[in-house]
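J.: coords below, sequence missing:
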């Protein structure tokens, strides 16, 4: 049973079925590909996106459950593929303390493996997805790719605005959360207003989740994170805690603008990163980021309470509490 969902045995059981669908899709591939992707399935984390599909489906017709699980597997495979590609872009050797596919096989094979996951995901879209708009999956995936491309092209540019950062995480994270929440309700043919509300819940939850994740990169526990604090900074990726701290630092004398000096370097050392992480905390970058994360959380919570379904609201609130308290 997935540890994150141990308090929701029905969701946990359905996630096992979703995992079986993913495993079955991979088992149909060449033995070399099966072996390469085996660890990706075993170490799939909290399964938040397929869980959102399953939760949203409880607002619609129970007889649509088989189609719902299939779409849940599609969205998880898209997410898995995006992580494979992320690890290549970020030169990440471990994820959750486990060697990445990129570290094990190299960039070329990892790219192809990620592409293969996407192809298998698309093969599971069968055309009988209830109210799910045909373009919804492709549009969300396009936004994800655009955001990754923009982030990669701007690697090392720490002068971006907060608005640019928010646009990037909206495409990279919130778009798939929104699609997942909406897809479950849409495939199960719930009321259109419910589908729109679930889309908003997923979007705001995704924004809050990503900001919290970026906060953890400056404030998290190395052992639980499976990576050194400041990894995004070292990889040249500007995130909200740093941007907020740099904005505060602009009001200080030039000699006190440590973050601007560090981020102006062509190459950062580990010592630079340690100093920057400490400085971000001192200037209040984490606290300002937490305020914005809370804003998105409150928007999601408002819609959750307005769903009119006590069971679904309870599951989503439990999920929210766990994500808000996470240090991993």
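T.: Noted; the coordinates are in hand. This is a predicted model, so every value here is computed, not measured.

J.: quick check: phi and psi at the residue nearest the centre of the chain.
T.: Residue closest to the mean C-alpha point of the chain, counted by CA atoms, centre = their mean, is residue 173 at 4.5 Å. Backbone torsions of residue 173, given as degrees, to the nearest 10, read phi -120, psi -50.

J.: now it: closest residue in space that isn't a chain neighbour?
T.: Closest residue to residue 173 apart from its sequence neighbours, by CB to CB, 6 or more residues apart in numbering: residue 210 at 4.1 Å. To be clear about C-beta, it is placed using only N, CA and C from the backbone, and glycine gets the same treatment.

J.: what sits against that neighbour?
T.: For residue 210, the contact set (CB atoms under 8 Å, 6 or more residues apart in numbering) comprises 169, 172, 173, 174.

J.: contacts for stretch 193-203, please.
T.: With contact meaning CB under 8 Å, 6+ apart, stretch 193-203 is reached by 52, 56, 59-60, 131, 170, 174-175, 177-182, 184-186, 190, 299-300, 303-304, 306-307, 316.

J.: narrow these to those in helices?
T.: 52, 56, 175, 177-182, 184-186, 299-300, 303-304, 316 (DSSP state H).

J.: give me the buried entries from the contacts of stretch 193-203.
T.: 52, 56, 59-60, 131, 170, 174-175, 177-182, 184-186, 190, 299-300, 303-304, 307, 316 (16 or more other CB atoms under 10 Å).

J.: what residues sit buried inside stretch 266-286?
T.: Along stretch 266-286, these residues count as buried under the neighbour rule (16+ other CB under 10 Å): 268, 272, 273, 275, 276, 277, 279, 280, 283, 285, 286.

J.: kindly report the same for stretch 62-78.
T.: For stretch 62-78, burial by neighbour count (16+ other CB under 10 Å) applies to 64-65, 67-78.

J.: now secondary structure too, for those residues, in JSON lines please.
T.: As requested, the buried residues of stretch 62-78 are exported to JSON lines (DSSP: H, G, I helix; E, B strand; the rest coil):
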{"residue": "64", "secondary structure": "helix"}
{"residue": "65", "secondary structure": "helix"}
{"residue": "67", "secondary structure": "helix"}
{"residue": "68", "secondary structure": "helix"}
{"residue": "69", "secondary structure": "helix"}
{"residue": "70", "secondary structure": "helix"}
{"residue": "71", "secondary structure": "helix"}
{"residue": "72", "secondary structure": "helix"}
{"residue": "73", "secondary structure": "helix"}
{"residue": "74", "secondary structure": "helix"}
{"residue": "75", "secondary structure": "helix"}
{"residue": "76", "secondary structure": "helix"}
{"residue": "77", "secondary structure": "helix"}
{"residue": "78", "secondary structure": "helix"}
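
J.: check contacts around residue 174.
T.: For residue 174, the contacting residues are 202, 203, 204, 205, 206, 207, 210, by CB under 8 Å, 6+ apart.

J.: burial count for the closest residue to it other than its chain neighbours?
T.: Distances taken as CB to CB, 6+ apart place residue 206 nearest to residue 174, at 3.3 Å, with adjacent residues excluded. Close neighbours of residue 206, defined as other CB atoms under 10 Å, add up to 27.

J.: then residue 138?
T.: By other CB under 10 Å, 12 other residues sit near residue 138.

J.: over to the one 3 residues further on?
T.: Counted with other CB under 10 Å, the neighbours of residue 141 add up to 20.

J.: which element is it on?
T.: In this assignment (DSSP states H and E), residue 141 forms part of helix 134-153.

J.: list the buried residues of that helix.
T.: For helix 134-153, burial by neighbour count (16+ other CB under 10 Å) applies to 136, 137, 140, 141, 143, 144, 147, 148, 151.

J.: residue contacts, the closest residue to the fifth one other than its chain neighbours?
T.: The shortest distance from residue 143 to any residue that is not its chain neighbour, by CB to CB, 6+ apart, is 4.0 Å, and that residue is residue 171. When contacts are counted by CB under 8 Å, 6+ apart, residue 171 is found next to 143, 144, 146, 147, 150.

J.: if I look at residue 284, how far off is residue 80?
T.: Going from residue 284 to residue 80 by CB to CB, to the nearest Å gives 36 Å.
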